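**Q** Provided below are the primary sequence and the corresponding predicted coordinates.
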Amino acid sequence: MVVSDFLDGLIKILSGDPEVWEIAFLSIIVSCTAVALASLVGIPLGIWLGSSKRFGGLFPTTILNTLMGLPPVVVGLVVFLFLASEGPLGSLQLVFTPLAMVVAQFVLTLPIVTGLTKSAIEDLPEELPLLLQSLGASPVQLKSEVWKEARPGIVIGVITALGRAFSEVGAILIVGGNLKGYTRVLTTAIVTETSKGNYGLSLALGTLLFLISLSLTGMVTFLRYKINGWT
Amino acid sequence: MEVFIPKSFVALLLISSLLVAMTIGVTIERNEVLLLATTTSVDNSGLLNMLISEYLKTTPHLKIYVVAKGTGAALQLAKDGDADAVLVHAKEKELEFVKEGYGINRTTLWYNYFILVGPSSDPAQIKTSQDIIDAFKRLYNSGNETIRFLSRGDESGTHIREQMLWNLSSLTPYNKAWYLETGTGMARTLITANQLNAYTLTDIGTYLQLKQNAGIKLVPVFDKEIPELYNPYSYIVVNPKIHPDRNTARAIDFLLFLKNSLDLVGNYTIDGSVLFHPLKEGRSW
């Protein structure tokens, strides 16, 4: 029964069912926006933390590593309490909107981008700056070289954050409310269909989620090799 | 001092702005919105979807969003001003909600009955019980590691009724090992009960829906139409005096539509069984 329902579900998706594609489109937009913003803030922050002697110590690293594993439901709950009508940011009326989902996933992925950027910088050979300086590099050239060397590690951070955002369900379920036709995304649609016992359709949606995740990660990985060579 | 900004970072900035613009685009609602907080039993049954698509035929520029939670959570959402109306089933809580001034125009629209479902072998012998109190006593006395009872445990209308029935039977099973709480919606609880071969209290609508969709094998073991199991659903409009920014006019219009569409409710069947019986006179007690 599940197998035939699964095939029906796949056919529904492949035949371009507008509802399914709207859901998939929103998944992509929300997660990509959140991760793009997290990268915008997290990469400079991570570089700064990674090269700073004072702020790169044991304590900040432990905090950052803990934040990297924040449970999505807790992030969702806290963001919800901030954005709900009775909350401090209630006047913005953002709760149950795609923008609120972006905020939640931004909070969720920011530590990941920051933390992995920081470790990418720290993993560079210690003697690299000295070596470059002895070769007569200007400060800007030095930074440019460090950036080039750290870039693969930073890209891994962005991919990890994207994977996390895309597969996450707890936070967007709470702040987005899983409203059909407005804030329903692939993961929350899977939860809904599974709870109704529509396993076949859930599995088909899961397949679509996997394929989109594969293409997004593939694109970022492709860019990384294109920039850094195919070795 | 010269600042180093890599090209790829500039690209990231551009992509981000584009994506933010797109998110704002999908966030801004061009249509009028009605936000309805309801219970999982109404949502899972498919009835509400049918009624909404019927209503939208006459109002093409309206969007109706449904948040399906337990009755307790739905009422809380409405209290906080995050819903325009609620459709719930827990009389005491509803009356309290209206009394506290949060709701107006409470109207009971339709009803069905709660039933006890369990494994077809009926190891607790509920089928032969004389009344609902006897049934709960039998559940309590035969509860062990194989004969279990699943509770919703989520402050939903069904959960509240279940607690009321234990109270009525003067029993407190809550700390027993055979009494398990799922903390989720009706459909999810039925699916879990089916896997565990456990007993549970459910509204008949969700049970019939799940029997058809997910092939659950549990059978009704106590399904008498008695006052203790009577399950009326009420629609309440969020009081505009407390939350003036809500779409009260539309919430009232939708209520009028529901009152005029009770025939659709009565004709909504799964496998030949009526899920909800309309209350024609639209009583508001």
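**A** Thanks, I have it.
**Q** give me the secondary structure label for residue 76.
**A** This is for chain A. Three-state assignment for A:Gly76 (DSSP: H, G, I helix; E, B strand; the rest coil): helix.
**Q** packing partners of the helix or strand containing B:Asn194?
**A** Secondary structure assignment for B:Asn194, by DSSP states H and E: helix B:186-196. If contacts are counted by 3 or more CB pairs under 8 Å, 6 or more residues apart in numbering or on different chains; DSSP states H and E, helix B:186-196 sits against helix A:186-195, helix B:40-44, strand B:103-118, strand B:149-151, strand B:199-203, helix B:204-213. Heads up, the C-betas are built off the backbone N, CA and C, glycines and all.
**Q** for B:Ser17, which of the ones you listed is the nearest?
**A** When the helices and strands packed on helix B:186-196 are compared by CB to CB, helix A:186-195 sits nearest B:Ser17, at 24.8 Å.
**Q** could you list the buried residues of the longest helix that chain A contains?
**A** In chain A, assigned by DSSP state H, the helix with the most residues is helix A:18-51. Neighbour counts over helix A:18-51 (16 or more other CB atoms under 10 Å in any protein chain shown) mark A:20, A:22-24, A:26-40, A:42-43, A:45-47, A:49-51 as buried.
**Q** and the residue of chain A found nearest chain B, how far from B:Gln212?
**A** Going by CB to the nearest CB, chain B is nearest to A:Gly197 of chain A, at 2.6 Å. Note on A:Gly197: its distance to B:Gln212, by CB to CB, to the nearest Å, is 9 Å.
**Q** so for those two, which sits in the more crowded spot?
**A** A:Gly197 (22 against 12; other CB atoms under 10 Å in any protein chain shown).
**Q** the more buried one contacts B:Ile216, doesn't it?
**A** Yes. Between A:Gly197 and B:Ile216 there is a contact under CB atoms under 8 Å: 7.4 Å.
**Q** common neighbours of the two, please.
**A** Residues within reach of A:Gly197 and of B:Ile216 at once, by CB atoms under 8 Å, 6 or more residues apart in numbering or on different chains, are B:Ile191, B:Leu210.
**Q** up against chain A, what does chain B have?
**A** Within chain B, the positions near chain A by CB under 8 Å from any CB of the partner chain are B:1-2, B:4, B:6, B:8-9, B:12-13, B:15-16, B:19-20, B:22-24, B:26-27, B:29, B:35, B:40, B:44, B:63, B:65-67, B:80-82, B:184-185, B:187-188, B:191, B:209-210, B:213-216, B:243.
**Q** pLDDT score assigned to A:Trp230?
**A** Per-residue pLDDT puts A:Trp230 at 62.
**Q** give me the neighbour count for residue 127.
**A** No chain in the question, so chain A it is. 9.
**Q** wrong chain, I was asking about chain B
**A** If we define neighbours as other CB under 10 Å, then B:Lys127 has 16 of them.
**Q** surely it is within a strand?
**A** No. Read with three-state DSSP, B:Lys127 is coil and lies in no strand.
**Q** wait, it touches B:Phe222, no?
**A** Yes. Here B:Lys127 reaches B:Phe222: they are 7.3 Å apart, a contact under CB under 8 Å.
**Q** can you pull out the low-pLDDT segments for the chain?
**A** In the absence of a named chain, chain A is used. Along chain A, the parts satisfying pLDDT under 70 run over A:1, A:228-231.
**Q** you looked at the wrong chain, it should be chain B
**A** In chain B, residues with pLDDT under 70: B:1-2, B:281-285.
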